[in-house]
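Undergrad: for reference, the sequence and a predicted model appear below.
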Amino acid sequence: MYIKLIRSFDTGLRFGYIMMKHTPGYSQNKVKNSIIYLCIAVVGISLFRPEAKAQTDASIKKAKTTVSDADRSLKKYQKFSKIDSVPWLLGGDAALSFSATSLANWAAGGEDQIGVSPIVNLYANYKKGKRTLENYATFAYGILKSGDRKAVKSDDRIYLTTKAGYQLSTKWYYAAAILARTQFAPGYKYTAKDTIRVSDFLAPLYLYASVGLDYRPNKNFSSVFSPIMGRATYARSDDMNVLANAGLVETEKDADGKDVKVPHNSRYEFGGGVIMSLNGDILKKKITYSSQLELFSNYVVKPENVDVTWMLQAKIMLYKNITADLRLDVKYDDDQKATNKETGQLEGPKTQVKNYLGVGLFYQF
């Protein structure tokens, strides 16, 4: 009988301890904890009879399991809250694509060729409350060597974008954006007679500043409508070909009424435009893509001639970190002159197209 009483007393105490430990307010008031413990223990002693020990142990085990499950759920929630409270999101990706062709006694002719094209995309985005700040950067430089000729660049880009927003509704934001477009190294046009330098570092440099409304129906699409947009074109060069290629050489009349070419290092335009961005993935992230379309119309000079810049990048995951890369750039600038490949003479504006397809290594961070 005494043994049964001791077992009953022990079971009641254990039940009281478990229940008290998981009672709200535990460890905050020692006196209150003691009273709760004694009350629950007394109830436990009266309820847990020796002959119901097996049932009591099962109940205690179930209670412990329930508490453990709840504790794990709470930890997940705490982890999510901790991540969600961090306003900055940093990351990016890097890719190294390459191509090679080697010929030996090839009857159809041709030349050995090798190409390398690294590209790095970075982002640093901030969101807190109704305020957002998005920063994107793309750095790309490609080299192509054919036969015994010098290596030439096949890609050269420095693209920087900063966009600040303030939420108006679920899909609309006030937005202000700054864009910068330039390149790392000199660029050349190769004609039948000569090699002509047409670009250089910061020559040209295109700067856009805009204020407007940003429409975001989902996380993958953004469209900034800017009735107020300014564009500056700058060239850190005195080369007439570089300035002309950037649209910074104007034809003016001299004192005798003759046409003369006058170079400038900068030009400022005022107008409006649209910047659309789209990114996402399909087939469970086997294919990822990003695209941006920029439209600009000069309110003062030929507003009907809209300048267009469209960029498309797509990656197809072939195996782990091996990807096939597709890049397409399409441009039309009414002020930018084209160079004739045969004569080297400047002509009127033309649609510019550059595409690239390669296989290489990819790393996301």
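TA: Received it, and whenever you're ready, just let me know what you need. Numbers count the residues shown, from 1 in each chain.

Undergrad: from now on I want contacts and neighbour counts done on CA atoms only, so please keep to that.
TA: Fine.

Undergrad: correct me, but Gly271 touches Ile228?
TA: Yes. If you go by CA atoms under 8 Å, Gly271 and Ile228 touch, sitting 6.2 Å apart.

Undergrad: so which of the two has more stuff around it?
TA: Between Gly271 and Ile228, counting by other CA atoms under 10 Å, Gly271 is the more crowded of the two (18 against 15).

Undergrad: distance check, that one against Arg149.
TA: Gly271 sits 44 Å away from Arg149, going by CA to CA, to the nearest Å.

Undergrad: which pLDDT value goes with the residue most central in space within the chain?
TA: By CA atoms, centre = their mean, the chain has its centre lying nearest to Tyr123, at 4.8 Å. On the pLDDT scale, Tyr123 is placed at 94.

Undergrad: list the contacts for it?
TA: Contact partners of Tyr123, counting by CA atoms under 8 Å, 6 or more residues apart in numbering, are Leu89, Leu90, Gly91, Gly92, Glu134, Asn135, Tyr136, Ala137.

Undergrad: can you add neighbour count, secondary structure and distance to Lys286 and give those residues back as TSV?
TA: Converted to TSV, the contacts of Tyr123 look like this (neighbours: other CA atoms under 10 Å; DSSP: H, G, I helix; E, B strand; the rest coil; distance: CA to CA, whole Å):
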residue	neighbour count	secondary structure	distance to Lys286
Leu89	12	strand	23
Leu90	11	strand	22
Gly91	12	strand	19
Gly92	15	strand	17
Glu134	17	strand	25
Asn135	18	strand	25
Tyr136	17	strand	23
Ala137	17	strand	23
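
Undergrad: which one of those is nearest Thr288?
TA: Comparing the contacts of Tyr123 against Thr288 with CA to CA places Gly92 closest, at 13.3 Å.

Undergrad: if we ignore the residues flanking it in sequence, what's nearest the closest one?
TA: Nearest residue to Gly92, sequence neighbours excluded (CA to CA, 6 or more residues apart in numbering): Leu122, at 4.2 Å.

Undergrad: quick check: neighbours of the helix or strand harbouring the one you found in the sheet, parallel or antiparallel?
TA: Here Leu122 sits within strand 113-128, counting by DSSP states H and E. Paired strands of strand 113-128, with direction, are strand 88-101 (antiparallel), strand 131-146 (antiparallel) (DSSP bridges).

Undergrad: buried stuff in the last one?
TA: Within strand 131-146, the residues that count as buried by 16 or more other CA atoms under 10 Å are 132-146.

Undergrad: also stretch 158-169?
TA: Within stretch 158-169, the residues that count as buried by 16+ other CA under 10 Å are Ile158, Tyr159, Leu160, Thr161, Thr162, Lys163, Ala164, Gly165, Tyr166, Gln167.

Undergrad: ok, residues contacting it?
TA: Outside stretch 158-169, the residues that touch it by CA under 8 Å, 6+ apart are 130-140, 173-184, 214.

Undergrad: restrict the one helix or strand Leu179 maps to to CA atoms and write it as CSV.
TA: Per DSSP H and E, Leu179 falls inside strand 172-182. The C-alpha trace of strand 172-182 is given here as CSV (Å, rounded to 0.1, in the frame of the first residue of the first chain):
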residue,chain,number,x,y,z
TRP,A,172,1.5,51.3,-57.6
TYR,A,173,4.6,53.1,-56.3
TYR,A,174,6.1,56.6,-56.6
ALA,A,175,9.4,56.0,-58.2
ALA,A,176,12.7,57.8,-59.0
ALA,A,177,15.4,56.1,-61.0
ILE,A,178,18.9,56.7,-62.1
LEU,A,179,20.6,54.6,-64.9
ALA,A,180,24.2,54.7,-66.1
ARG,A,181,25.5,52.9,-69.3
THR,A,182,29.1,52.8,-70.5
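
Undergrad: next, the angle from that strand to strand 131-146.
TA: Going by axes from the mean of the first three to the mean of the last three CA atoms, to 10 degrees, strand 172-182 is angled at 30 degrees with respect to strand 131-146.

Undergrad: how far off centre is strand 172-182?
TA: 14 Å (CA atoms, centre = their mean, to the nearest Å).

Undergrad: what's the first helix or strand after it?
TA: strand 187-190.

Undergrad: quick check: mean pLDDT of that next one?
TA: Averaged across strand 187-190, the pLDDT comes to 86.

Undergrad: from memory Val198 sits against Gly247, does it?
TA: No. Val198 is not in contact with Gly247 according to CA under 8 Å; the separation is 11.1 Å.

Undergrad: quick one: low-confidence ranges for the stretch 101-250 of the chain?
TA: Applying pLDDT under 70 to the stretch 101-250 of the chain flags residues 108.

Undergrad: redo that, cut-off 90
TA: 101-114, 128-129, 145-152, 154, 188-196, 198, 219, 240-241, 244-247, 249-250 (pLDDT under 90).
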